[in-house]
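# model this:
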Amino acid sequence: ETQAAANGAERAQGSGGGNEQAMPQDLLPNQKAFLNLAEERRKDFIKHLNEATRLFQQKRIFETLDEILKAEAIFKDSSEIYNLRASCFVEMRNFDKALEDYNNALKFSQNNPSIQFNIGEVYFVTDEWQKALDVFEKVIKELPIAFKKSVQVTALNFVTNLQKSKYFHFPPWLRSLMKV
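Here you go, the predicted structure:
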């Protein structure tokens with residue numbers, strides 16, 4: 001989302017020469033606020049966010065959190081910050097804080113299926129089966145048809161892997177998915 005806003009900033013600024021175009025009208029308030037940052041601050045924010053993402057992929061959680069703090073000091077109204085920090089909390093098994101930050105991420109990106117899916121995963125791992133099911137069903141309904149098949153395959157792989165793990169007690173709705 002913020003990267004999309006940055007791309008919008010490049011379009012809004014034009015190709016140089018002082019000919020500025022109007023800011024796209026379909027941006028969210030936080031995206032407009034991001035575009036109002038000085039270009040150097042936007043670049044610094046993106047640099048820290050990209051570094052945080054890289055570190056997270058390497059499971060270097062505390063270093064990820066440090067980079068998130070640096071990005072947040074520049075611009076705090078980013079769903080990416082909250083989503084990534086929540087993912088760090090999931091890795092630390094602090095599901096309450098994870099859920100709080102995922103919900104904060106949704107404030108800035110209300111219809112983001114990735115964030116909604118992450119919330120469903122937290123409900124799933126905390127044995128809140130009905131909440132997880134409700135979230136997953138909502139996400140699937142809102143996805144474009146092309147993505148639904150991919151999500152179904154991912155969900156089936158997830159359930160199959162879970163079946164093989166130490167978690168063998170499943171609620172009835174989950175057992176019905178396993179038979180598909």
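
# Can you report phi and psi for Lys59?
Reported as degrees, to the nearest 10, the phi and psi values for Lys59 are phi 60, psi 30.

# How much space separates the closest residue to it other than its chain neighbours from Asp26?
Setting aside the residues directly before and after it, Lys59 is nearest to Glu91 in space (C-beta to C-beta, 6 or more residues apart in numbering), at 6.9 Å. In short, each C-beta sits where N, CA and C put it, glycine included. With the distance defined as C-beta to C-beta, to the nearest Å, Glu91 ends up 34 Å from Asp26.

# Among those two, which residue is more densely surrounded?
Counted by other C-beta atoms under 10 Å, Glu91 and Asp26 do not tie: Glu91 has more neighbours, with 13 against 7.

# And that one, its phi and psi?
Dihedral angles (degrees, to the nearest 10) for Glu91: phi -60, psi -30.

# That one against Phe62, yeah?
No - no contact is recorded between Glu91 and Phe62 when judged using C-beta atoms under 8 Å, the distance being 10.3 Å.

# C-terminal to the worst-scoring helix or strand of the chain on mean pLDDT, what's the next element?
Evaluated with mean pLDDT, DSSP states H and E, the helix-and-strand set of the chain has its lowest mean pLDDT in helix 2-13, which scores a mean of 41. Towards the C-terminus, the helix or strand next in line after helix 2-13, according to DSSP states H and E, is helix 29-35.

# Give the other helices and strands that that following helix contacts.
helix 2-13, helix 39-57 (3 or more C-beta pairs under 8 Å, 6 or more residues apart in numbering; DSSP states H and E).

# Kindly recompute the last result at 7 Å.
Other helices and strands packing on helix 29-35, by 3 or more C-beta pairs under 7 Å, 6 or more residues apart in numbering; DSSP states H and E, are helix 2-13.

# Can you give the contact residues for the helix or strand encompassing Asp66?
Secondary-structure element containing Asp66, defined by DSSP H and E: helix 61-74. Under the criterion C-beta atoms under 7 Å, 6 or more residues apart in numbering, residues 41, 44-45, 48-49, 51-52, 55-56, 81, 84-85, 88, 91-92 lie in contact with helix 61-74.

# same thing with stretch 98-106?
79, 82-83, 85-86, 89-90, 112, 115, 118-119, 122.

# List the buried residues for that stretch?
Residues of stretch 98-106 classed as buried under the neighbour-count rule (16 or more other C-beta atoms under 10 Å) are 98-99, 101-102, 104-106.

# Now intersect those with the helices, please.
Residues from the buried residues of stretch 98-106 lying in helices, with DSSP state H as the criterion: 98-99, 101-102, 104-106.

# Appreciated, that's everything.
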